[in-house]
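Undergrad: Structure here, sequence nowhere to be found:
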Ligand code: VGL
Ligand code: ZN
């Protein structure tokens with residue numbers, strides 16, 4: 001089973017100074033660059049939203065960032081606008097190694113639906129195509145790192161485990177947003193899905 005590193009959303013807007021900064025987000029770039037050499041394959045994910053995306057608080061008059069709203073597919077956190085297609089904030093962190101990236105999976109580009117997971121959008125049914133890509137290439141032993149631990153990393157890892165991949169999360173190479181205890185909830189969800197937290 002080919003060991004595959006999946007680097008989740010290591011983008012300018014999720015690092016200090018960005019629109020949805022995760023504390024310490026930039027500090028995991030150097031360790032992730034170094035660990036790439038220990039993997040046969042590297043895949044990157046990229047959060048990629050249109051400016052009028054439904055997950056942005058700005059697009060809901062009167063709504064505060066980090067409040068909850070109801071979408072047709074369930075509850076949704078309203079975020080500060082981030083990773084807008086074509087903006088600097090949507091770029092990968094400038095020091096992230098791109099030379100090993102065999103694929104970049106973009107997600108969240110449909111206006112009416114958010115996508116934390118790299119496999120399925122938040123309706124749990126619209127696929128990104130990553131499952132087929134990994135299966136066809138026999139990349140079945142997955143190691144997740146990146147941002148944010150408790151949203152895109154956790155949701156991606158849980159979806160991967162549910163689909164039968166072997167899944168580990170290298171927690172030291174992640175950082176959490178930790179909104180209302182979301183970090184511990186994410187850890188519990190990952191453990192229950194049979195994921196190794198390293
Ligand atoms: C993420 C919130 C909104 C993430 C993306 O990468 O964890 N979180 N969009
Ligand atoms: Zn997003």
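TA: Alright, I've got the coordinates. Values in this document were obtained by computation on a predicted structure and should not be read as measured data. Numbering: from 1, shown residues only. Ligands and ions are numbered 1, 2, ... in the order given.

Undergrad: Helices of this structure, start to end?
TA: 29-35, 130-136, 154-162, 182-192 (DSSP state H).

Undergrad: Looking at these, spot the one closest to ligand 1.
TA: helix 154-162 (7.9 Å; CB to the nearest ligand atom). For every residue, glycine as well, the C-beta is placed using N, CA and C.

Undergrad: Next, the angle helix 182-192 makes with that closest one.
TA: 10 degrees (axes from the mean of the first three to the mean of the last three CA atoms, to 10 degrees).

Undergrad: average model confidence for helix 154-162?
TA: Averaged across helix 154-162, pLDDT comes to 98.

Undergrad: try stretch 106-122
TA: Here the average pLDDT along stretch 106-122 is 97.

Undergrad: Check stretch 40-47 too.
TA: Averaged over stretch 40-47, pLDDT sits at 98.

Undergrad: same thing with stretch 14-32?
TA: Stretch 14-32 comes out at a mean pLDDT of 98.

Undergrad: Make a markdown table out of the helices of the chain and add distance to residue 44 and mean neighbour count.
TA: Shown next, in a markdown table, are those (distance: least, CB to CB, whole Å; neighbours: other CB atoms under 10 Å):
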| stretch | distance to residue 44 | mean neighbour count |
| --- | --- | --- |
| helix 29-35 | 10 | 16 |
| helix 130-136 | 11 | 16 |
| helix 154-162 | 12 | 24 |
| helix 182-192 | 21 | 16 |
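
Undergrad: got those as JSON lines, with distance to ligand 1 columns?
TA: Converted to JSON lines, these look like this (distance: least, CB to the nearest ligand atom, whole Å):
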{"stretch": "helix 29-35", "distance to ligand 1": "14"}
{"stretch": "helix 130-136", "distance to ligand 1": "15"}
{"stretch": "helix 154-162", "distance to ligand 1": "8"}
{"stretch": "helix 182-192", "distance to ligand 1": "10"}
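
Undergrad: out of these, which comes closest to ligand 2?
TA: With CB to the ion as the measure, helix 154-162 is the member of these nearest ligand 2 (11.3 Å).

Undergrad: Wondering if that closest one reaches ligand 2 at all.
TA: No: Helix 154-162 does not reach ligand 2 (CB under 5 Å from the ion); its nearest approach is 11.3 Å.

Undergrad: which other residues reach that helix?
TA: 6, 8, 45, 116-120, 142, 144, 167, 169, 186-187, 189-190, 193-195 (CB atoms under 8 Å, 6 or more residues apart in numbering).
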